[in-house]
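> My questions concern the predicted model and sequence given below.
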Amino acid sequence: MKTNDTNLARALIASIRNRKRRPSQHPGYVLDGDSMLVASYNVHKCVGTDGRFDPSRVMEVIREIGPDVIALQEADMRFGERAGLLDLPRLRHETGLVPVPVTSNPKSHGWHGNVLLFRQGVVSDVHQVKLPGLEPRGALLAEIDLERGASIRVVAAHLGLMRWARRQQADTLLELLGGRDDRPTILMGDFNEWRLGNGSALNRLETLFGPLPPALPSFPARMPVLSLDRILANRQGLIGNLAVHDTPLARKASDHLPLTARIDLTACLS
């Protein structure tokens with residue numbers, strides 16, 4: 001516990017020191033025909049750090065990123081009709097992103113608030129996973145066939161707030177993937193976990209997705225200290241250029257900053 005407290009204090013000090021050096025414009029993403037951009041973004045039900053509900057800001061951040069695939073968390077209302085909060089037809093018109101189809105509440109965007117959007121390719125399989133725990137948590141698995149024979153599996157997940165539940169949820173994801181073929185797989189989302197060690201869900205996931213990429217602070221958006229958001233791959237060299245999308249708008253639109261990564265499509269060829 002003392003080690004964790006020390007690491008948290010160091011992260012907080014580093015965040016304060018780097019606050020004035022944070023970029024004033026969104027970073028440029030250099031891609032080529034052999035790569036694609038993926039992102040993970042907890043949109044916090046479209047309530048920003050100023051307490052204002054504004055889905056348009058969230059969609060503008062997505063446009064800033066320009067992803068080929070993006071996993072969103074908390075994109076539905078949590079209670080009542082669990083209605084989706086974004087204008088998906090508008091987002092498709094402006095970005096080309098379409099949601100992976102799911103079977104759920106007709107007014108919801110996704111599965112337990114998880115929405116997976118993609119720009120190109122054909123979805124060949126979708127699997128909705130209910131994760132164990134006291135909170136309603138889920139994961140969404142999609143296998144996407146891309147151009148030139150490339151194929152990739154993407155798992156979007158939002159793990160719980162309780163540490164014991166996160167461990168069980170990580171085990172559930174590993175069991176799910178263990179029963180499938182060994183194709184290139186990306187796991188991304190809000191894991192609510194920044195600690196490492198035997199009690200960490202990250203330690204369990206490392207058996208398939210290790211070694212883990214560098215931890216990048218993404219929460220809270222105004223002064224990021226904790227690396228709650230992650231993008232992991234089941235083989236080395238599949239992901240690169242991992243970065244936090246840190247812009248003035250992103251700091252307001254949600255309490256999390258988006259996380260982005262470049263995918264090497266040559267590693268996804270069958």
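Great, that's in hand.
> quick one, strands of this structure?
Taking DSSP state E to define them, one finds strands in the chain at 35-42, 69-73, 98-99, 115-118, 122-131, 137-145, 151-158, 185-190, 229-233, 239-244, 259-264.
> Those: which one's closest to G84?
With CB to CB as the measure, strand 115-118 is the member of those nearest G84 (7.7 Å). Where C-beta positions appear, they are placed from N, C-alpha and C, glycine not excepted.
> Averaged pLDDT, that closest one. What do you get?
Model confidence over strand 115-118, given as mean pLDDT, is 96.
> quick one: low-confidence ranges for the stretch 151-270 of the chain?
Segments of the stretch 151-270 of the chain classed as low confidence (criterion: pLDDT under 70) are 270.
> so who does T103 touch?
Each residue near T103 by CB atoms under 8 Å, 6 or more residues apart in numbering is listed here: Q128.
> Can you show me the helices along the stretch 1-150 of the chain?
Using DSSP state H, counting those that start in this stretch, the helices of the stretch 1-150 of the chain run over 2-18, 55-65, 88-95.
> Could you tell me the angle between the direction of the second one and that of helix 88-95?
Taking axes from the mean of the first three to the mean of the last three CA atoms, to 10 degrees, one finds that helix 55-65 is oriented at 30 degrees with respect to helix 88-95.
> Adding distance to P89 and mean neighbour count as columns, could you present the strands of the chain in CSV?
What follows is these, written out as CSV (distance: least, CB to CB, whole Å; neighbours: other CB atoms under 10 Å):
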stretch, distance to P89, mean neighbour count
strand 35-42, 19, 24
strand 69-73, 16, 28
strand 98-99, 10, 18
strand 115-118, 13, 26
strand 122-131, 18, 15
strand 137-145, 20, 22
strand 151-158, 21, 24
strand 185-190, 24, 25
strand 229-233, 27, 24
strand 239-244, 29, 16
strand 259-264, 24, 23
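> if we compare the ones you listed, which one ends up closest to D50?
Between D50 and the strands of the chain, the tightest spacing by CB to CB is seen for strand 35-42, at 16.7 Å.
> Show me what that closest one is packed up against.
For strand 35-42, the contact count by 3 or more CB pairs under 8 Å, 6 or more residues apart in numbering; DSSP states H and E identifies helix 55-65, strand 69-73, strand 151-158, strand 185-190, strand 229-233, strand 259-264 as packing neighbours.
> re the thing from before, pick out the shakiest of the helices of the stretch 1-150 of the chain, pLDDT-wise.
Between those, the model is least confident about helix 2-18 (mean pLDDT), which shows a mean of 53.
> Find the nearest non-adjacent residue to L259, please.
Nearest residue to L259 in three dimensions, chain neighbours excluded: D229, at 4.5 Å (CB to CB, 6 or more residues apart in numbering).
> That neighbour contacts H256, doesn't it?
Yes: when contacts are counted by CB atoms under 8 Å, D229 is listed as touching H256 (6.1 Å).
> Thanks a lot, see you next time.
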